[in-house]
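1. Next input, structure requested:
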Amino acid sequence: MRERIRTFLSDERRQFRSWIEKHFPALAREIEQAEGSLHELRQLVFEVESMSWLKGQGLALSYRKVSAKRSSRPAAEKPDRKRGPGEEPLDSGLRESVEIGETRRRLKKAYRILARRLHPDVNGGGDGKRMERWRAVQLAYQAGDLDLLESFCLQDDGTLGQGESLSWLTGRVSRTEKTLARALRELQSYRRDPAWGCGRGGWESTVGPKVEAWLRARLAEIRKETRELKSRTRQWQRESERMLRAEQDRERPRVSDVR
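-> The predicted structure follows:
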């Protein structure tokens, strides 16, 4: 399961991006530009709200201070937009592929060893403790818990390891079940992504025609959020300008008094 998710995140999303740029170049550029603008707006709103909360001051005042800080910041220091999925450097992707392959090999090796020890068909059914351990092995393998599988391999055949009570094992199984449940929810979420299965046989004919509608819906969502954030920042700007004018009005009599 984890291997399938990694394949989707590292390979299929990158292929999907290339496919979109080939078939819908104008729409892809429009979405990329819209995402860049939205990212900048989100960052501005985050900075303003964070300053307001941390310093206990109004949003308009925080907006003015953040804007002044941003305008005085040299261009070289301005943060770049974070890379999206599938935009990682190639060498990083290669290293990750090697690590994934090695983890998968060790998972299979540990599972085979434990299957020979604990599988009920090999051991004539087994007692309650052995069956509990076999269930833990299956859950750990499904969740990709390499540490737990290899720790089982180091234990004596048919016995619990030193300091590992049945209650400890039950707790570990419970945590493994929760990990597996989270992975299943994650998998279900990714399966709804149009990039799921990109590059596999039949993907283009079954999913491809729906991609343009998905892209236009995505662009509409970006534009809607952008409008909402721009409305908030314009309100802060207007309030900030009113505050500045009020401060200037209060200062004028003092200047005339000095004269």
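
2. Would you mind listing where the stretch 51-200 of the chain has pLDDT under the threshold?
-> Residues of the stretch 51-200 of the chain meeting the criterion pLDDT under 70: 74-101, 123-127, 155-172.

3. let's go with 80 and repeat that
-> Counting by pLDDT under 80, the ranges of the stretch 51-200 of the chain that qualify are 54, 73-105, 107, 119-133, 139-184, 186, 190, 199.

4. the helices in it, which residues?
-> Under the criterion DSSP state H, counting those that start in this stretch, the stretch 51-200 of the chain carries helices at the ranges 59-72, 90-118, 128-143, 146-154, 166-191.

5. For the third one, which residues meet the burial criterion?
-> When you say that, I think you mean helix 128-143. For helix 128-143, burial by neighbour count (16 or more other C-beta atoms under 10 Å) applies to Arg130, Glu132, Arg133, Trp134, Ala136, Val137, Gln138, Leu139, Ala140, Tyr141, Gln142, Ala143. (Each C-beta comes from the backbone N, C-alpha and C, glycine too.)

6. Which strands or helices does it pack on?
-> On a contact count with 3 or more C-beta pairs under 8 Å, 6 or more residues apart in numbering; DSSP states H and E, helix 128-143 meets helix 90-118, helix 146-154, helix 166-191.

7. Please name whichever of those is nearest to Ala60.
-> Comparison of the helices and strands packed on helix 128-143 against Ala60 by C-beta to C-beta identifies helix 166-191 as nearest, at 38.2 Å.

8. what's the closest one packed up against?
-> Helices and strands touching helix 166-191, as assessed by 3+ C-beta pairs under 8 Å, 6+ apart, comprise helix 2-7, helix 128-143.
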